[in-house]
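Undergrad: What follows is a predicted structure for the sequence shown.
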Amino acid sequence: MNGRGLSGVEREYIRKHHNHEVEDNQCSSFLIKHIKAPVNLVWSLVRRFDQPQRYKPFVSRCVVQGNLEIGSLREVDVKSGLPATTSTERLELLDDEEHILSFKIIGGDHRLRNYSSTISVHPEVIEGRPGTTVIESYVVDVPEGNTKDETCYFVEALIKCNLKSLADVSERRAVQDRTEPINRI
């Protein structure tokens with residue numbers, strides 16, 4: 001995605017939290033999703049490095065060894081239908097104050113080499129209600145036999161699917177949280 005059509009606030013979030021050093025054989029981009037749910041609800045899903053399957057539809061299972069802290073590793077099993085079966089990922093950053101999570105793929109049965117992702121979650125107001133802006137950026141090696149455009153297209157399709165699912169899960173929970181019992185007299 002390019003910088004056109006972004007608000008000043010979005011540009012500032014990207015400048016501050018989504019800088020990746022990109023080598024010649026890599027591609028990088030960012031995606032933005034606006035979610036009609038409060039930031040604390042969205043962050044409660046995103047921050048769970050140990051439970052990506054709560055909103056990532058291609059994850060069937062995740063096992064984390066030890067405590068959830070910087071450097072923690074997770075073994076992710078990928079659902080069939082994708083050109084992958086497993087992924088080993090390391091938690092690089094988990095900032096509960098700024099709402100930022102970053103991880104790096106360090107192994108597994110797939111073609112995403114040197115993949116690094118940062119996801120940041122920011123409060124906003126949508127239609128007069130608490131909402132959330134989610135920004136996910138990445139950098140990844142371009143596999144041999146593929147172009148930068150093909151690689152970016154594939155990665156962005158996965159991220160778009162994950163962000164849509166995050167929005168669906170968050171918005172459904174937000175509606176449930178807003179539903180209050182009617183007091184009868």
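TA: Yes, it's here. Numbering: from 1, shown residues only.
Undergrad: pLDDT on the lengthiest helix in the chain, on average?
TA: Scanning the chain for the helix with the most residues, using DSSP state H, yields helix 148-178. Here helix 148-178 scores 94 as its mean pLDDT.
Undergrad: Buried residues, that helix. List them.
TA: For helix 148-178, burial by neighbour count (16 or more other CB atoms under 10 Å) applies to 151-152, 154-156, 158-159, 162-163, 165-167, 169-171, 173-174. C-beta: built from backbone N, CA, C; applies to glycine.
Undergrad: how about the strands in this structure?
TA: Ranges of strands within the chain are 26-35, 59-64, 73-78, 86-95, 100-109, 116-126, 129-141, based on DSSP state E.
Undergrad: Let's have these in JSON lines, adding mean pLDDT, distance to residue 6 and mean neighbour count.
TA: Formatted as JSON lines, these follow (pLDDT from 0 to 100; distance: least, CB to CB, whole Å; neighbours: other CB atoms under 10 Å):
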{"stretch": "strand 26-35", "mean pLDDT": "97", "distance to residue 6": "8", "mean neighbour count": "19"}
{"stretch": "strand 59-64", "mean pLDDT": "95", "distance to residue 6": "29", "mean neighbour count": "15"}
{"stretch": "strand 73-78", "mean pLDDT": "94", "distance to residue 6": "31", "mean neighbour count": "18"}
{"stretch": "strand 86-95", "mean pLDDT": "96", "distance to residue 6": "22", "mean neighbour count": "17"}
{"stretch": "strand 100-109", "mean pLDDT": "95", "distance to residue 6": "18", "mean neighbour count": "18"}
{"stretch": "strand 116-126", "mean pLDDT": "97", "distance to residue 6": "13", "mean neighbour count": "19"}
{"stretch": "strand 129-141", "mean pLDDT": "97", "distance to residue 6": "10", "mean neighbour count": "21"}
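Undergrad: I'd like the ones you listed as a markdown table, with distance to residue 10 appended.
TA: Shown next, in a markdown table, are these (distance: least, CB to CB, whole Å):
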| stretch | distance to residue 10 |
| --- | --- |
| strand 26-35 | 6 |
| strand 59-64 | 27 |
| strand 73-78 | 29 |
| strand 86-95 | 19 |
| strand 100-109 | 15 |
| strand 116-126 | 9 |
| strand 129-141 | 7 |
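Undergrad: Which one, of these, ends up nearest to residue 16?
TA: Counting by CB to CB, residue 16 lies closest to strand 116-126 out of the strands of the chain; the figure is 8.4 Å.
Undergrad: now for that closest one, which elements pack on it?
TA: If contacts are counted by 3 or more CB pairs under 8 Å, 6 or more residues apart in numbering; DSSP states H and E, strand 116-126 sits against helix 8-17, strand 26-35, helix 39-46, strand 100-109, strand 129-141.
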